[in-house]
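>>> Below are the sequence and a predicted model; questions follow.
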Amino acid sequence: MKLAKLSALAVAAILTITTVAISTTGCSGSMAAPSPVQAATVTPYSNASAIGAYAIQFSTAIPNYGNINDTDQGIISFDGAGNVQPGTIILRNYAGSTNSCTLTPSGTYSIANTGSGWANITLTPSGTAPCQQTTSIQFTIQAAQQGQIILLQETDNQNFATGTAAKL
C-alpha cells in the first residue's frame with residue numbers, strides 16, 4: 001500500500017514537471033529571453049548638490065556646561081558653489097538656560113562626488129544674552145537623495161552635535 005502511494009506521488013510529480021516544461025516552451029520549443037535590466041543613472045555629487053534653503057535641526061551636547069543639550073533649529077542656505085548663505089538658527093536651552101538665541105549662519109562647505117564632505121559654519125548671535133559669542137563649528141557632512149538631505153556631525157572636538165538638513 002505504501003509503495004502504491006509513493007508511486008502515485010512520483011507519477012504526479014513527473015506529470016507536474018512535464019506540464020511545466022511544456023507550458024514554458026510553448027509550441028515553438030523556445031522561450032523568449034527576459035528583457036535586460038537597465039542600470040540606473042547616478043549623477044555624482046558636488047557642491048551644486050546643495051543649493052537653496054534647507055530646514056536644519058541638530059542637537060548638541062555641551063560637556064563644558066555639565067553635558068547640557070541644546071536643540072538647534074532653523075533655516076540655512078547653500079549657494080551651490082561652496083558657500084553657506086545667511087539664514088536663521090534658533091538655539092533652545094542654550095548653555096543650560098531656558099532662553100533661546102537667534103544666530104545667523106555663514107561659512108563654506110565642500111561635497112565630493114560620493115556625497116561626503118565637510119562644512120565650516122560660523123554662527124553669529126543677535127547680541128542678546130545669553131548668547132553673545134560667535135561660534136565656528138566644523139562638520140563632516142553626507143549628502144543624500146541627490147542633495148535633498150544633508151546629514152551633519154560635528155568634528156571639532158568642542159561639543160558633540162549631529163543633525164539633518166532637508167531641502168525646502
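Happy to help now that I have it. Numbering: from 1, shown residues only.
>>> What's the first helix or strand after the one helix or strand in the chain whose mean pLDDT sits lowest?
Using mean pLDDT, DSSP states H and E, helix 2-25 stands out as the lowest-scoring helix or strand of the chain, at a mean of 42. Following helix 2-25 in sequence order, the next helix or strand is strand 51-62 (DSSP states H and E).
>>> mean confidence score for that next one?
The average pLDDT within strand 51-62 is 85.
>>> Run through the neighbouring helices and strands of that strand.
With contacts taken as 3 or more CB pairs under 8 Å, 6 or more residues apart in numbering; DSSP states H and E, strand 51-62 sits against strand 68-79, strand 149-154, strand 160-167. Glycine gets a C-beta too; all of them are placed from N, C-alpha and C.
>>> Save these as a markdown table, and put in mean pLDDT too.
Formatted as a markdown table, these follow (pLDDT from 0 to 100):
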| stretch | mean pLDDT |
| --- | --- |
| strand 68-79 | 83 |
| strand 149-154 | 92 |
| strand 160-167 | 89 |
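>>> Take those and lay them out in a markdown table including distance to Ala53 and mean neighbour count.
As requested, the helices and strands packed on strand 51-62 are exported to a markdown table (distance: least, CB to CB, whole Å; neighbours: other CB atoms under 10 Å):
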| stretch | distance to Ala53 | mean neighbour count |
| --- | --- | --- |
| strand 68-79 | 5 | 19 |
| strand 149-154 | 12 | 19 |
| strand 160-167 | 8 | 17 |
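>>> between the ones you listed, which gets nearest to Tyr54?
Tyr54 lies closest, by CB to CB, to one member of these: strand 160-167, at 3.9 Å.
>>> Direction included, what does the closest one pair against?
strand 51-62 (antiparallel), strand 149-154 (antiparallel) (DSSP bridges).
>>> Any chance of CSV for those, columns distance to Pro105?
Putting those into CSV (distance: least, CB to CB, whole Å) gives the following:
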stretch, distance to Pro105
strand 51-62, 8
strand 149-154, 12
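>>> My reading is that Ala119 lies in a helix. Confirm?
No - counting by DSSP: H, G, I helix; E, B strand; the rest coil, Ala119 is located in no helix; its state is strand.
>>> ok, it - contacts?
Residues in contact with Ala119 (CB atoms under 8 Å, 6 or more residues apart in numbering) are 84, 107-110, 138-139, 141, 152.
>>> let's see it at 6 Å
Ala119 makes contact with 109, 139, 141 under the criterion CB atoms under 6 Å, 6 or more residues apart in numbering.
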